[in-house]
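# I need the structure of the sequence given here:
(one chain, ligands or ions: 1)
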Amino acid sequence: MNKPIYVTQPYLPPLEEFIPYLEKIWENKWLTNNGPFHQQLEQALCEYLGVEHLALFTNGTIALVTALQTLRITGEVITTPFSFVATAHSLLWNSLTPVFVDIDPATCNLDPEKIEQAITPRTTAIMPVHCYGTPCDVKRIQQIADTYGLKVIYDAAHTFGVKYKGESILKHGDLSVLSFHATKVYNTFEGGAIVCPDAKTKKRIDYLKNFGFADEVTVMAPGINGKMSEINAAFGLLQLKHVDDAIAKRGELDVLYRQGLFGVRGITCLPIPAETKQTFSYFPIMVNTDYRLSRDGLYEKLKEHNIHARRYFYPLISDMPMYRGLLSASQSNLVIAESLSQKVLCLPMYPELKLSELDQIVKCVSGGVI
Ligand SMILES: *Cc1c(COP(=O)(O)O)cnc(C)c1O
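Below you'll find the predicted structure:
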């Protein structure tokens, strides 16, 4: 049996490069609460990503919860069922009602043509996801938001470094939320951030992630403890030096997968998004009905060869017990999302995936001998 190949493997720089950062922390004895590495990383990420303001968080989920609190979102929020559970969970943690809208099969993102019919007098925001790093139709979504007076908060967990029409995708909407979890393109072990357009909003976010403290004696809201520690921030600074190489390797693998799977009956790759600089966070394929196995059949077959693909995103968020009672969660409202969640399979994608391993995966999918 070959050694297991997981869907992702975190990228770690050489350990000795991290030691000097640790020595600094031991020397400073400043472990958290906006320490020197935290400040440096916020600055460095703004420059790297090409955004004005960014607030670091302990993880992406707490950042999503805080983003909603920052804008005082109430009532109903339009969102996608085809995402990681944290997208919708962040709404429940704010006592908001998710309203699920179907997705566009070409992008796996919220279908902007279906947003308007889901708006009610209680709607205050839209929370789309740039799924697998493919940009949403940001222009159309903003038009709808402007017409109805809604806020837009992007769950941008898959879009580290993605550029659309030459600019950071994170500049769209009112806020964008990143995740730096170990499995993402760029990681700080655990971590996340909110990208915001102005210093005033950044200040409010910084209060909210520190229990709501505006100064020593003023607590402005029931904020949470969402602060990133110095160890995570230091690792982020080091990781940032290596992230371009990691993304380049992912890009090479993406090309090889597309070449290898081209023409395999019943398998389709997602279209390459137009005018986008991608960072290749995932490699999803669709296993269609004319493939020789079911999607789950292929998933099991890969597993027999110790290749652990993942069914992202299956089941749909709207099919989970805490959501399925909602009117908008009905399968007839989410036909495309239901269908894609039955077909999708994410193949292993990480910088250190060997070409021989990729060949093995491609052979297994295309029915060759491995
Ligand atoms: C990873 C992820 C999150 C959650 O981020 P954490 O940092 O793990 O809390 C939220 N939304 C999406 C779409 C994700 O992929």
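
# which ones are touching the spatially most central residue of the chain?
Among the residues of the chain, the one closest to the centroid is residue 157, at 2.1 Å (C-alpha atoms, centre = their mean). Shown in contact with residue 157 (C-beta atoms under 8 Å, 6 or more residues apart in numbering): 60, 84, 86, 129, 177, 178, 179, 181, 184, 192. Every residue, glycine included, has its C-beta placed from N, CA and C.

# by neighbour count, which of those residues wins?
Counting neighbours by other C-beta atoms under 10 Å, residue 177 comes out on top of these with 31 neighbours.

# contacts for whichever helix or strand it is part of, please.
Assigned by DSSP states H and E, residue 177 belongs to strand 175-179. Here strand 175-179 makes contact (C-beta under 8 Å, 6+ apart) with 59-61, 63-64, 67, 70-71, 151, 153-157, 159-160, 169-170, 191-196, 201.

# ok, it: who's next to it in the sheet?
strand 151-155 (parallel), strand 192-196 (antiparallel) (DSSP bridges).

# and the helix or strand that comes right after the first one, what does it pack onto?
Translated: strand 151-155. Sequence order places strand 163-164 as the next helix or strand after strand 151-155, per DSSP H and E. Contacts defined by 3 or more C-beta pairs under 8 Å, 6 or more residues apart in numbering; DSSP states H and E place strand 163-164 against strand 276-277.

# what does the strand it packs on contact?
134, 135, 161, 162, 163, 164.

# how much space between the fifth one and the ligand?
Same thing as residue 163. 19 Å (C-beta to the nearest ligand atom, to the nearest Å).

# so who does that residue touch?
Going by C-beta under 8 Å, 6+ apart, the list of residues near residue 163 reads 50, 169, 276, 277.

# can you check the third one too?
Contact partners of residue 161, counting by C-beta under 8 Å, 6+ apart, are 48, 49, 185, 186, 243, 247, 277, 279.

# out of the residues you listed, who's the most crowded?
Tallying neighbours with other C-beta under 10 Å puts residue 185 at the head of these, with 28 neighbours.

# looks like that one contacts residue 246 (just checking).
Yes: using C-beta atoms under 8 Å, residue 185 makes contact with residue 246 at a distance of 7.1 Å.

# what would the contacts of residue 163 look like in JSON lines with pLDDT?
Listed next are the contacts of residue 163 as JSON lines, based on pLDDT from 0 to 100:
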{"residue": "50", "pLDDT": "98"}
{"residue": "169", "pLDDT": "98"}
{"residue": "276", "pLDDT": "98"}
{"residue": "277", "pLDDT": "98"}
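
# what's the most distant pair in those?
For those, the maximum inter-member distance is 14.4 Å, found between 50 and 276 (C-beta to C-beta).

# neighbour count winner among the two?
Ranked by neighbour count (other C-beta under 10 Å), residue 50 and residue 276 place residue 276 first, with 18 against 13.

# show me how far stretch 276-295 is from its chain's centre.
Relative to its parent chain, stretch 276-295 has a centroid offset of 17 Å by C-alpha atoms, centre = their mean, to the nearest Å.

# buried residues in it?
276-287, 291, 295 (16 or more other C-beta atoms under 10 Å).

# in which helix or strand would I find residue 272?
Here residue 272 is assigned to no helix or strand, by DSSP H and E.

# show the contacting residues for it.
residue 278.
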